[in-house]
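Trainee: Take this sequence and fold it.
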Amino acid sequence: MVKRFFVLMVMAALLTGCGTTAAFERRLQSTVGEDVDGVVARWGPPANYWKTDNRETLVWTWSNQGSFDVTSPTSTYTQGMVGRTPYSGWTYGTKTTSTPYNFWCKWTLYAIEGRITRWAYEGNRCLADD
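Mentor: Numbering: from 1, shown residues only. As a prediction, the model looks like this:
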């Protein structure tokens with residue numbers, strides 16, 4: 001079980017590169033005070049958008065699903081008797097298991113009168129590079 005957890009952590013690190021949550025938060029914070037149109041020009045259109053009076057809510061989403069195979073060694077010890085002769089020994093092999101993953105992130109920017117005022121996010125892979 002520990003080995004499987006370690007493999008999962010290594011695979012997650014490889015799949016996500018060197019991004020960090022702190023860098024993601026800095027990227028979101030850097031938008032505060034910016035014009036909504038400038039952010040949309042850089043990040044592309046949001047997945048969802050609402051406007052009421054002078055307030056705007058913009059939501060972007062990202063997800064990545066799949067699976068990867070983990071092959072691990074196995075060993076089985078057997079012992080018994082054949083007639084009156086005892087025997088024992090090890091049998092070695094491998095076992096492959098498929099491990100699914102579902103990475104996602106949803107981030108929201110809030111604006112008043114066309115300027116970003118705050119942000120929020122949720123997910124298990126909200127990462128950015130420095």
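Trainee: Helices along this protein, start to end?
Mentor: For the chain, the helices defined by DSSP state H cover 2-16, 21-29, 36-43.
Trainee: which stretch in those helices is the model least sure about?
Mentor: Lowest mean pLDDT within those: helix 2-16, a mean of 47.
Trainee: ok, and the closest non-adjacent residue to residue 114?
Mentor: Nearest residue to residue 114 in three dimensions, chain neighbours excluded: residue 36, at 5.3 Å (CB to CB, 6 or more residues apart in numbering). Just so you know, the C-beta spots here come from the backbone N, C-alpha and C atoms, and that holds for glycine as well.
Trainee: What are the neighbouring residues in contact with that neighbour?
Mentor: Contact analysis of residue 36 by CB atoms under 8 Å, 6 or more residues apart in numbering lists 56, 58, 109, 111, 114, 115, 116.
Trainee: confidence score at the second one?
Mentor: Looking at residue 58, its pLDDT is 98.
Trainee: Give the buried residues for stretch 68-81.
Mentor: residue 70 (16 or more other CB atoms under 10 Å).
Trainee: how far does that stretch sit from the chain's center?
Mentor: Offset of stretch 68-81 from its chain centre (CA atoms, centre = their mean, to the nearest Å): 31 Å.
Trainee: State the mean pLDDT of that stretch.
Mentor: 92.
Trainee: Just the C-alpha atoms of it, please, in CSV.
Mentor: Taking C-alpha atoms only, stretch 68-81 is exported to CSV below (Å, rounded to 0.1, in the frame of the first residue of the first chain):
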residue,chain,number,x,y,z
PHE,A,68,-1.8,4.9,-15.6
ASP,A,69,-0.6,1.4,-15.1
VAL,A,70,1.6,0.4,-12.1
THR,A,71,3.6,-2.8,-12.3
SER,A,72,4.9,-4.2,-9.0
PRO,A,73,6.8,-7.3,-8.1
THR,A,74,5.0,-10.2,-6.4
SER,A,75,6.3,-13.2,-4.5
THR,A,76,4.6,-16.2,-3.1
TYR,A,77,6.1,-18.7,-0.6
THR,A,78,4.7,-22.3,-0.8
GLN,A,79,5.5,-25.4,1.2
GLY,A,80,4.1,-28.8,1.5
MET,A,81,4.8,-32.5,1.1
